[in-house]
Every structure is written in structure tokens, then in C-alpha cells.
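*Asks:* everything below, folded, please.
(one chain, ligands or ions: 2)
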Amino acid sequence: MTQRKETVANHDTRLQVVVALPAHTALSGPLTYLHTQPCPAGSLVRVPLGQRDVLGITWEEDSPAPLPPGAAGSEAPPALSARALKPVSMVLPDCPPLNPAWRALMGFAARYYQRSLGEMALAALPPQLRDLSPEQWQRRIRRLQKAQAAAPARGDSPLQAVSAALSPSPQQQQALDTLASPAAHDKPVLLFGATGSGKTEIYLQAAQRLLATDPAAQVLVMVPEINLTPMLLERFTARFGTTQVAAMHSGMTPAQRLTNWLAAHLGQARIVLGTRMAVLCSAPGLRLIVVDEEHDPSYKSQEGARYSARDLAIYRARVETQHGRPCQVVLGSATPSLESWHAAATGRYLRLDMPDRMGGGQLPHLRLVDMSQQPKGAVLAPALVAAMTERAQRGEQSLILLNRRGYAPVLSCHACGWKSHCPSCSAYRVFHKIDRTLRCHHCGFTERVPRACPDCGNIDIAPVGKGTEQLEEQVAALLSGEVRPDGQPLHVARMDADTTREKGSLEAQLARMHSGEVDVLVGTQMVAKGHDFRRITLVAAINADSALFAADYRAPERLFSLLMQAGGRAGRDADLSHQGELWVQTWNPTHPLFAALRTHDFARFAQNELADRETAGMPPFTYQALLRADARTQEAAQAFLAAARDAARTLPGVEHLTLYPPVPMQIQRIANVERAQMLLESHSRPALQHVLSQWHAELARCKALPAAKGLIRWAIDVDPLAI
Ligand SMILES: [Zn+2]
Ligand SMILES: [Zn+2]
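*Replies:* Ligands and ions are numbered 1, 2, ... in the order given. Prediction:
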């Protein structure tokens, strides 16, 4: 060996380096490079790849390839002699390695979600890290070191809260005591707390207790949406000061993301607060992970590696614990996902209940409006209009939910039947009256409304159905003539993706709502999430029925959650809460979902739904994966899927799976791309994983089949939320 060392000069150490390679490429494991000296696994390096220098991460020598043997090129090409290996260009200086627990998390996520290790691991790093020149990198590090020197007592002393904790209610105290118990560290905790029960204060105090005792500890707090981060950030910075809290979400500039990532990676940020991407961040002192509103579908990524941040949080807590630092994970919700509920019911999670609202506030009273008993064509029941008027006259606010933005979902010609189809999608373009446009909500295609029917010339084309824009107009008309306590006419406003598109507009609208300027707010479900409107005493859902009979088996779960959450907006202020009401207009008032909603009985709802799912063989009693295909033609997409299905039939272990035939997706065409999918299902998660991992090589082969010509891309979605 000595002799060989001399011949390869000073580049005699082989390093395994993980780099991001294009999806479905033949290479997906770590690549081998040469370096002058050993370098700890997890170091950030730059290495030559083709004509470029790219960012990479050194990995364990014996790291298993993310895809098992048999998959095409799951390892670096063998038989490359030392002479053909290229040297590492540089090791990023002054950067501690990404720790073993983080690397284990990446390895797991890549295997479980069927992506390459490089894609998973490199996507978890801030994008700017990939583009920085060595000089820029060094400037960054120097700046951070300077900041660190200027702000002492970071990372080496217990964290003191800058403002006092609120004194907990007996219910909160009990929850905090349980969280501190060993039982709550052995398994994930499901914090099942009613809206307004003070869950956030539990997160704050649990974090505070941990950070005050462990000078190196870090806490990760996740929320489902960017819109919710400013509010939570405010509460955490008010408690802990701004220097210790780092935000992490896709709404930040690349420079901010890099700064905050480094602060977390170097242990300077004691609290990391963000959306689903935050679960992938490096936080070497991680000891507590909080997933707030854990039931929210936004935790599941819908592109790239389609991971569930909630599920990765569970895995991450376990892997951190295995690496010697006990890490607790807390999932919070008033309406937990049925997966989490089931896990608690079967003893895999510890359930912690907080049924009471703070200050003795009452949950809103449910008023079901039987639409078959209302005047024909009524948008809002007369009793609902009267109730809203009464509230506005008292200076209270109402919220009306309609999950469809725009003025009308479709524009139609009654003479010839023409409808406002999108030319590129299998969907209608939505009529937006405000700027007289037809907009496709899938591909964005926008056009002025035609003066007359493009097919027959009839000038009498009319909107069909209702969106938030039209509802706002109708509610304003219904309430016109009524006055507020100050003598002013009632003010109706709207909040949805259209009115909040511009930067700062959401904040401005929230401020108008909080100041009491708005009496009735019409909006999509975005207004139901998390916002703390203290003067709302009435919430109305006016087309809840669409979810009762939807094809998506999760629709009732989402509806129940939305209505509970929306109802939770009513009467947040304990003084007003005795008047809180949730109105639901329905043609099906006897539906069992409403019976459970009336008594705010999530347990009963969950039990019914889980029984149905078990009978029907649905998750969480089975495990699913989807293979999705996008192609120029529906035939090509389906031909690829059919070939993939045939190939799957030959794989060992496939007898434990049900392979469903390929079908077009619900919205079959978006922006002229045809979409299809096939479902795989099993009662055994390992069996499903085993087949998926062997399938990759076959998929690469199916892609090349003549019948699949026109295939654009394919992707595996493990534990899909919508099928
Ligand atoms: Zn026509
Ligand atoms: Zn379109």
C-alpha cells in the first residue's frame, strides 16, 4: 500500500461524495473522489461533475446505496481505477459536518420516498449554498463568526425567556407535566386540543423548559402554511427575543435562507420555525419537534421528493434519540389526521387531551340549515342573513366560507351550450368579474371575457354557479340598508388567493379585520386557518355538501376539520363566546358527520370514519403508493403505466400487493400535458416498500418502450393524500 500511496501523489484518500444528479439518472449512490486527507462524513465539498463543479456531501464509506441492488446503476460505476477518479476541488472551510442523525434522516427519506440520496440530501440544503464561490462562502462564514463574537451567550448558556410565560391553566399545567414525563419521550405525543385551548402556549413553555436546562438544545416548530409563520414567529420572538429564533420557509430570499440555515446548523438559532421544508434542516442540538396542525395536507409535498414532513418528524425524533440525544416529538391538532388518531388509539402514540377552551370559552353552537326548507334559489337562508345583520348591529363580525374563488366557476351560453373550457386543460376557466376575465386556475391561462358566444354569437352568455367574488356582491346586496352601531353602512369584504396575491395585502386585510372595519368577511378556507379574529361570533359554511359525496375518501375528514377549525374562529374572545355560532347550509342535515359536529365530538367522528375505512380497506389500514405519469398523450401515459404494472407483477413480494389498473387523473390534462396514475396497495408497509425499491430499474426500461413515446416524466408518490 505504501508504494501505491507514492504513485498517486498526495491524493491518496478516497471519499464517497453524494451529489445531486438529474432524476432517474443511472447514477444514484455516492460517487468516489480523491482527496489529500481523510475528511469526516457530512462535510460540504465541491467536486467536478462533467464540465461543472458542484456541491456535494461526503458520506459514509459503507453507506448502502439508496436503492437496493438490482436497480439500474444504484451504485457508482465499478472498475474505475484510481487514475480515473477526480480529486475533490475543495472542502468548504469552517463548516462543521452534517451530523450522523441528519445523514440517517436523508438516507431514510430517500429510500422511503423512492428518490436518489443526492436529490434528497442536496435539496435539503439552502439553494444559495450550491452557487456560492469559495470567496463568497468565506465572506459569509467570517460575517457569521463576527456576529457570533458580538452576541455572546449563544449556544453556550441556557436560554432565558425575555418575557414571562403566561401562567398556565390547570389543563395546560397537566399537559406540560405529562409532556415532561418519561412516557411522553418514549413515543410521539398527539396533543389533541380544542381550538382556543392554548396549544401554542404549551409549545412555548415546553421549548422554554428545554432550552433553559440544556444550553445546546434546539427546538423545531412547524406550521402548515407560510401565512401562519409571521404570527407564530411573533409569539416566539416576543418570548425569546429575535436573535435566537430562525424562520425557515420558501417565502424567504435565498440569502435569508442561507443565513438562517447556517444559524441552525451552527447551533446559534435555538428555535427553528418554519413550514414543511424545515423538517429537513440541519439542527445538531435538536431535542424537541413540534408539528402544529398536524392534520394539514400542506405537510405533504406535492412535487419533487413527495415527502410528508409530519411523518419525517416522527422518524427524525426517533433517529436523533438513537444517536444519543433524546428528542421528543409533539403533534398538535384539534382535528388530528385519522392516521395519527389511529396510532394513538393503538398505543403507538401518546394522546394528550386539552378539551377546554381558555377562559372557559364555549365552542360554537351548530345551526344546521336545511336548504330544502328555504325559499327557492336562496343563496343564504333568510335566518342566516338576519343573524349576520343582528351581529353587525352589535359590532360583532361574521365569516362566510365558500371554497371557490372567482365570480363563477364557469361561463355558459344558454343558446348553444358553449362553456368556458380552458384550451389547455380538462377544466373550465373561472369567470372573474372584477377585471372581466376568464382565468384557468390550473395553468393560469387568462383571457378577456368574449363579448358574445364564440360558437354561436349569442350575446347572452351567463355565469353558472358561484364563487367568492359573486358571493361578496350578493351578501353586500342582502345587507345593504343596514347600519353599524356607529351609523355607517355595513362593510362586506373578501379574502382569498385573488385578494391576497400582492405582497403585504394579506397583512393589510387582516389588519382591517382586526380593527373591526369589516363586518362580514367572505373567503375561502384560507381564512379558517389559525387567524385569531377575536370579534367573529358567527361562521357560516354555505356549500359544505360538495365534500360529503366527493370521490376523494379523505373529503369528509377535511370537511370536518375545516368546519371545526372555522367554528373555532367564532367566539375566540371568551366574553363573546357564549354567542358563537357555526351555521352550515346543507341539503343533507341528517348526515352523521353533522351529528358529531353538533357535539364537537371529534372522537365519535374519527371512530365512524375509521370503521368505514377499515371495512373499505383504506389507509390507515392499508398502505398506498401511486405511480404518476405525465405525457404528450393520454395513451402514452397509460401505456407506460400498463407496462410498469406488468413489470411489477414479476417482482418478488408482489403477491402482498394489489396493483390497480392505470386511470386518467381527476383533472386529466393541465397545460396540454396528459396525466394518468396507477395505485399500488398493500396491508404491509414493508412489502410495499420492498416492491417499490425493486421497481426503479423496470420503470427506466418501461420508459424506453415505443408505446410510451411522448412520456414526459413519471414519479412515485408514497402515502399519497389524494388518489
Ligand atoms: Zn352559443
Ligand atoms: Zn388551463
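
*Asks:* close to ligand 1: what parts of the protein are there?
*Replies:* Cys413, Ala415, Cys416, Trp418, Cys453, Asp455, Cys456, Asn458 (CB under 5 Å from the ion). From N, CA and C alone the C-beta is placed, and that goes for glycine too.

*Asks:* how about 8 Å then?
*Replies:* Counting by CB under 8 Å from the ion, the positions of the chain adjacent to ligand 1 are 413-418, 452-458, 461.

*Asks:* which one (most neighbours) among those?
*Replies:* Ile461 (23 neighbours; other CB atoms under 10 Å).

*Asks:* report the contact partners of that residue.
*Replies:* Leu411, Ser412, Cys413, His414, Trp418, Val449, Pro450, Ala452, Cys453 (CB atoms under 8 Å, 6 or more residues apart in numbering).

*Asks:* so where do the strands sit in the stretch 251-400 of the chain?
*Replies:* Secondary structure of the stretch 251-400 of the chain (DSSP state E, counting those that start in this stretch): strands at 271-274, 286-292, 328-333, 350-354, 365-370, 397-401.

*Asks:* got a pLDDT number for the nearest residue to Glu614 once chain neighbours are set aside?
*Replies:* Nearest residue to Glu614, sequence neighbours excluded (CB to CB, 6 or more residues apart in numbering): Phe621, at 4.9 Å. We have a pLDDT of 96 for Phe621.

*Asks:* check Ala20 too.
*Replies:* So Ala20 comes in at 88 (pLDDT).

*Asks:* what's His421 sitting at in phi/psi?
*Replies:* Dihedral angles of His421 (phi, psi; degrees, to the nearest 10) stand at phi -60, psi 150.

*Asks:* who's in contact with it?
*Replies:* Contacts here follow CB under 8 Å, 6+ apart; on that basis His421 touches Ala427, Tyr428, Arg429.

*Asks:* so which of these is the most crowded?
*Replies:* Arg429 (26 neighbours).

*Asks:* which helix or strand contains the residue in the stretch 501-650 of the chain that ligand 2 sits nearest to?
*Replies:* Relative to ligand 2, the nearest point of the stretch 501-650 of the chain is Asp630 (14.7 Å; CB to the ion). Using DSSP states H and E, Asp630 sits in strand 623-631.

*Asks:* run me through the strand neighbours of that strand, direction for each.
*Replies:* strand 673-682 (antiparallel), strand 711-718 (antiparallel) (DSSP bridges).

*Asks:* would you turn those into TSV with mean pLDDT and mean neighbour count?
*Replies:* Putting these into TSV (pLDDT from 0 to 100; neighbours: other CB atoms under 10 Å) gives the following:
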stretch	mean pLDDT	mean neighbour count
strand 673-682	95	21
strand 711-718	94	19
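
*Asks:* right, and those - which one's nearest His185?
*Replies:* strand 711-718 (27.9 Å; CB to CB).

*Asks:* which residues does that closest one contact?
*Replies:* Residues contacting strand 711-718 (CB under 8 Å, 6+ apart): 23-24, 112-114, 306, 625-632, 636-637, 640, 644, 673, 692, 695, 699, 703.

*Asks:* show me the contacts for Ala676.
*Replies:* With CB under 8 Å, 6+ apart, Ala676 has these contacts: Arg628, Ala629, Ala631, Gln634, Ala637, Gln638, Leu641, Pro662, Val663, Pro664, Met665, Gln668.

*Asks:* assess the claim that Leu105 and Leu312 are in contact.
*Replies:* Yes: counting by CB atoms under 8 Å, Leu105 touches Leu312, with 6.9 Å between them.

*Asks:* quick check: neighbours shared by the two?
*Replies:* Leu280.

*Asks:* contacting residues around the helix or strand harbouring Ala238?
*Replies:* Using DSSP H and E, Ala238 sits in helix 229-240. Counting contacts by CB under 8 Å, 6+ apart, the residues outside helix 229-240 that touch it are 159, 161-163, 165, 200, 204, 207-208, 211, 221, 223, 245, 247, 249, 251, 270-271, 273-275, 292, 507, 530-532.

*Asks:* let's see 7 Å
*Replies:* 159, 161-163, 200, 204, 221, 223, 245, 247, 249, 271, 273-275, 530 (CB atoms under 7 Å, 6 or more residues apart in numbering).

*Asks:* where's the dip in pLDDT among those residues?
*Replies:* Gly530 (60).

*Asks:* distance of the residue in the stretch 551-700 of the chain that ligand 1 sits nearest to relative to Arg405?
*Replies:* Nearest to ligand 1, among the residues of the stretch 551-700 of the chain, is Arg669, at 23.2 Å (CB to the ion). Going from Arg669 to Arg405 by CB to CB, to the nearest Å gives 22 Å.

*Asks:* looking at those two, which one has more neighbours?
*Replies:* Counted by other CB under 10 Å, Arg669 and Arg405 do not tie: Arg405 has more neighbours, with 23 against 19.

*Asks:* okay, now the residue nearest to the more buried one when sequence neighbours are not counted: neighbour count?
*Replies:* In space, and not counting its chain neighbours, Arg405 is closest to Asp496: 4.3 Å by CB to CB, 6+ apart. When neighbours are counted by other CB under 10 Å, Asp496 registers 22.

*Asks:* correct me, but Asp496 touches Glu469?
*Replies:* No: Asp496 is beyond contact range of Glu469, at 8.3 Å (criterion: CB atoms under 7 Å).

*Asks:* which bits of this structure sit near ligand 2?
*Replies:* So the chain meets ligand 2 at 422-425, 427, 429, 440-445, 670-671 (CB under 8 Å from the ion).

*Asks:* which one (most neighbours) among those residues?
*Replies:* Arg429 (26 neighbours).

*Asks:* show the contacting residues for that residue.
*Replies:* Ser420, Cys422, Leu438, Arg439, Cys440, Phe445.

*Asks:* repeat that for Ile226.
*Replies:* Ile226 touches His249, Ser250, Gly251, Thr275, counting by CB under 7 Å, 6+ apart.
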